[in-house]
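Enquirer: Sequence plus the predicted model coming up.
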Amino acid sequence: MTQIRREAAARREAGPALGGRRKARVEGFTLIEIMISIAVLAILVVGIYTALSASQSLYVTGVTRQEIQERVRRALEQIALELRQGSSGLGAGISFATAGSAGDETVTFCMCTGFAASFPTWSSPITISTINGDGEADNGVDDNNNRMVDERKVVRTQTGRPDKLLADNLKEGSLRFTRTLTMGLVDRIQVDLTIQGIDSQGKIIEASGNVVVDLRNQ
Ligand SMILES: [Ca+2]
Ligand SMILES: [Ca+2]
């Protein structure tokens, strides 16, 4: 009798008589559930990677563009600094021409250096123009394999002075001097240019800028 009571108590403690297989099915995952979970996880990982990759690409491009814009700003600043003191065509000549097959414009002017007997004195002529980039020929082909085609340099030349590089990797044909005349004299010049660069992913980045220069010496 005591043995029967002990067995009954043991059955009560063991709980309802569920089979081992049924219990395992309630607590575990089926193969299909695991596969769906892996698929969802894979989609999430790919999505996060794509978003991060795009974000990094935008950052790299942004940094490169910022650097190029700074180079544009410096080049325009140097051109404007002397051009502002340039001759309007009355006391000394000012002339414009083209350089390169894409029509980069050049300007040749004299800079006012002071006054003598109430008349301005002028420097020897200064030319701002473009020349081929390193290893480039003006032929529509990327000769130096840097992805930019016929990129050019902006240079300042003056007799008796060493040539000065104002900007590198200029986009061909982007240097422009748009002038406003008053009574036949050059009164105002807008300088436009575009500089190129390559980001770390090999993409060409461009930045453009312009400056409006009022000639002081009429
Ligand atoms: Ca090139
Ligand atoms: Ca070329």
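Expert: Everything's here; your move. Ligands and ions are numbered 1, 2, ... in the order given.

Enquirer: Going by C-alpha atoms from here, please, whenever you check contacts or count neighbours.
Expert: Fine.

Enquirer: So what does the residue most central in space within the chain have for phi and psi?
Expert: Centroid check for the chain by Cα atoms, centre = their mean gives R65 as the closest residue, at 2.3 Å. Comment: the main-chain dihedrals of R65 come out as phi -60, psi -40, following degrees, to the nearest 10.

Enquirer: helices or strands next to the strand or helix carrying S55 in the packing?
Expert: Assessed by DSSP states H and E, S55 sits inside helix 31-83. On a contact count with 3 or more Cα pairs under 8 Å, 6 or more residues apart in numbering; DSSP states H and E, helix 31-83 meets strand 161-170, strand 185-198, strand 204-214.

Enquirer: Go again with 10 Å.
Expert: Helices and strands in packing contact with helix 31-83 are listed as strand 104-109, strand 126-132, strand 152-158, strand 161-170, strand 185-198, strand 204-214; criterion 3 or more Cα pairs under 10 Å, 6 or more residues apart in numbering; DSSP states H and E.

Enquirer: As a markdown table, those strands with distance to R84 would be great.
Expert: Formatted as a markdown table, the entries for these read as follows, by distance: least, Cα to Cα, whole Å:
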| stretch | distance to R84 |
| --- | --- |
| strand 104-109 | 10 |
| strand 126-132 | 13 |
| strand 152-158 | 15 |
| strand 161-170 | 16 |
| strand 185-198 | 9 |
| strand 204-214 | 6 |
